[in-house]
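Visitor: model the structure of this input:
(4 chains)
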Protein chains: 2
Amino acid sequence: MEDTDIKKAGLKVTLPRVKILKVLEQSDRHHMTAEDVYKSLLEREEEIGLATVYRVLTQFVDAGLAERHHFEGGQAIFELNRGAHHDHIVCRQCGKVEEFMDETIEKHQHAIAEKHSFSIEDHSLIIYGNCEKPDCPNRPE
Amino acid sequence: MEDTDIKKAGLKVTLPRVKILKVLEQSDRHHMTAEDVYKSLLEREEEIGLATVYRVLTQFVDAGLAERHHFEGGQAIFELNRGAHHDHIVCRQCGKVEEFMDETIEKHQHAIAEKHSFSIEDHSLIIYGNCEKPDCPNRPE
DNA sequence: TACGCATGCGCTATTGGTTATCATTTAGTG
DNA sequence: CACTAAATGATAACCAATAGCGCATGCGTA
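Guide: Okay, here's the model as predicted:
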């Protein structure tokens, strides 16, 4: 993802926008709250206001550069849009987020929308569970 | 759903709890925010504080009597648990919520969890679109 | 490169939804 | 009917998110 993408989106290429884009790109966790982004910027000693973080994230979403998700807990989570649609599976213990994509599920959703006479615009599928990462607090011993 | 269900959940059978349960049961919209429940109680001239509504709804969820959903917008939505699991399809224009259930989708979710080495606990699938209700503001003329 | 305006920035105050506090009231029990 | 623990209601506190407002900056133009 490049600075030119910001320009293409009709937004001026400013330092805060570039830096927020970088944070979203380079973070090992690719799913972050606005607060996460803000803290990450502080660690890099970038002085960017929290309000600006919210503003810019919203602009990125409106421009299609990023997506806003609503997981459990209410807090919005942001993710760069890398083109390929996918859904999420989340560990309730360690917060790890993985991505998946299932053609069959996608197709069935369209069938359901049709059956209910809805023109489908979007969907959100999140699976909650517990992962088996070695450092996950819920790991069975 | 009966008062005895409240007792079974280990909660005292108090007037506010009975009345909130009734609202959730009798409302034509079965998916309500805490505020919706509160307003509905006001219309019935029941003097129940908003704090109590939030408290009781949370207790119902903890007891398994109700479910809390997170649709777009962040606001929590509550629904009585009638036993049969289902997912939701929501109209972005008029807010109408319908329910559906698809065995194939359910099965695939379990397969996905397995593939990612997650023990699945729950999931949330919401389809967003536009319905064709005669009074839906988005209805094509 | 210098100018000037529109846009964007950061700060602070404010909102909206939800939760905690605490004195008073009520349900359940003997 | 009295007693005790739990529940309620009013209010304040909380937190994520937003709006308002001067100041600073990006960028087209000269």
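
Visitor: what count of nearby residues applies to the residue nearest to residue A:92 when sequence neighbours are not counted?
Guide: Sequence neighbours aside, residue A:128 is the residue nearest to residue A:92 in space, at 5.6 Å (criterion: CB to CB, 6 or more residues apart in numbering or on different chains). All C-beta spots, glycine's among them, are computed from the backbone N, C-alpha and C. For residue A:128, the count of nearby residues is 18 (other CB atoms under 10 Å in any protein chain shown).

Visitor: now do the same for residue A:128: helix, strand or coil?
Guide: Here residue A:128 is recorded as strand under DSSP: H, G, I helix; E, B strand; the rest coil.

Visitor: quick check: bridge partners of it?
Guide: Going by DSSP bridges, residue A:128 is paired in beta bridges with residue A:90, residue B:122.

Visitor: how close does it get to DNA strand D?
Guide: Distance, residue A:128 to DNA strand D, using CB to the nearest atom of the strand, to the nearest Å: 19 Å.

Visitor: and the lowest-mean-pLDDT helix or strand in chain A, C-alpha only, in PDB?
Guide: The helix or strand of chain A with the lowest confidence, counting by mean pLDDT, DSSP states H and E, is helix A:3-8 at a mean of 86. This file holds the C-alpha atoms of helix A:3-8, laid out as PDB (Å, rounded to 0.1, in the frame of the first residue of the first chain):
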ATOM      1  CA  ASP A   3       1.100   7.000  -0.400                       C
ATOM      2  CA  THR A   4      -0.300   7.300  -3.900                       C
ATOM      3  CA  ASP A   5      -3.300   5.300  -2.700                       C
ATOM      4  CA  ILE A   6      -4.100   8.100  -0.300                       C
ATOM      5  CA  LYS A   7      -4.000  10.500  -3.200                       C
ATOM      6  CA  LYS A   8      -6.100   8.200  -5.300                       C
END
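
Visitor: starting at the chain centroid, how far to it?
Guide: 19 Å (CA atoms, centre = their mean, to the nearest Å).

Visitor: okay but the residue nearest to residue A:92 is in contact with residue B:121, surely?
Guide: Yes. In this structure, residue A:128 is within contact of residue B:121 by CB atoms under 8 Å, at 5.2 Å.

Visitor: shared neighbours, these two?
Guide: residue A:92 (CB atoms under 8 Å, 6 or more residues apart in numbering or on different chains).

Visitor: re the thing from before, got the contact list for the least confident helix or strand of chain A?
Guide: By CB under 8 Å, 6+ apart, helix A:3-8 touches A:12, A:13, A:17, A:18, A:21, A:65.

Visitor: and if you look at stretch A:91-101?
Guide: So stretch A:91-101 is contacted by A:29-31, A:72, A:84-90, A:128-131, A:133, A:135-138, B:112, B:115-116, B:118, B:121 (CB under 8 Å, 6+ apart).

Visitor: taking the residues you listed one by one, which sit in strands?
Guide: Members of these lying in strands (criterion: DSSP state E): A:87, A:88, A:89, A:90, A:128, A:129, A:130, B:121.
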